[in-house]
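**Student:** here is my input, please return the structure:
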Amino acid sequence: ELDNVPGYLPTLFLIVKSTEVATEIRQAGVIYLKNLVHKQWGAEFITVNDGEPQRVPFSPEDKQAVRSGIIDALTEADHLTRPQLVEILRRILIHDFPDRMPGFIEQMAAGLDVTTQDPKRTRACLLACRALYKVYEYKPPVS
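**Tutor:** Prediction:
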């Protein structure tokens, strides 16, 4: 399976966020990416009985490539791919926020600065805020 090939995840992500790729291909790719993230994002590297590390589908580097580009992808997404990208972000936030995403709040805040007059970026950051809110919406408060 290609899912286990190092670099597959960021390559698929690049296809999904490229505006030069046909809409139908991006739409199929983002649905596949969403399913991959949903099923396999939370998996970590594990060790088997003989002490050799067993590779799980996404390396930390592959995950970082997606984390670091998700707001940009949301900024450029069309109405067909945007909902899946928001769901991908929500699944990533469930597993990685805040420990593996230390600058995420600052990145969202910068995009919400209305003086930049970039409505696509503002919408993307509002969607990211909503995705973050959805992660914590029904969690009980921490004492």
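**Student:** so where do the helices sit in this protein?
**Tutor:** Applying DSSP state H to the chain gives helices spanning 8-17, 23-40, 60-76, 82-96, 104-111, 119-136.
**Student:** and the angle for the second one with helix 60-76?
**Tutor:** Relative orientation of helix 23-40 and helix 60-76, computed by axes from the mean of the first three to the mean of the last three C-alpha atoms, to 10 degrees: 140 degrees.
**Student:** related to what we said a few turns ago, any chance of the helices of the chain in JSON lines, plus distance to Leu2?
**Tutor:** Just so you know, the C-beta spots here come from the backbone N, C-alpha and C atoms, and that holds for glycine as well. Formatted as JSON lines, the helices of the chain follow (distance: least, C-beta to C-beta, whole Å):
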{"stretch": "helix 8-17", "distance to Leu2": "5"}
{"stretch": "helix 23-40", "distance to Leu2": "10"}
{"stretch": "helix 60-76", "distance to Leu2": "12"}
{"stretch": "helix 82-96", "distance to Leu2": "18"}
{"stretch": "helix 104-111", "distance to Leu2": "28"}
{"stretch": "helix 119-136", "distance to Leu2": "27"}
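**Student:** turn those into TSV, columns for mean neighbour count and mean pLDDT.
**Tutor:** Below are the helices of the chain laid out as TSV (neighbours: other C-beta atoms under 10 Å; pLDDT from 0 to 100):
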stretch	mean neighbour count	mean pLDDT
helix 8-17	20	95
helix 23-40	16	95
helix 60-76	18	95
helix 82-96	20	97
helix 104-111	16	94
helix 119-136	17	96
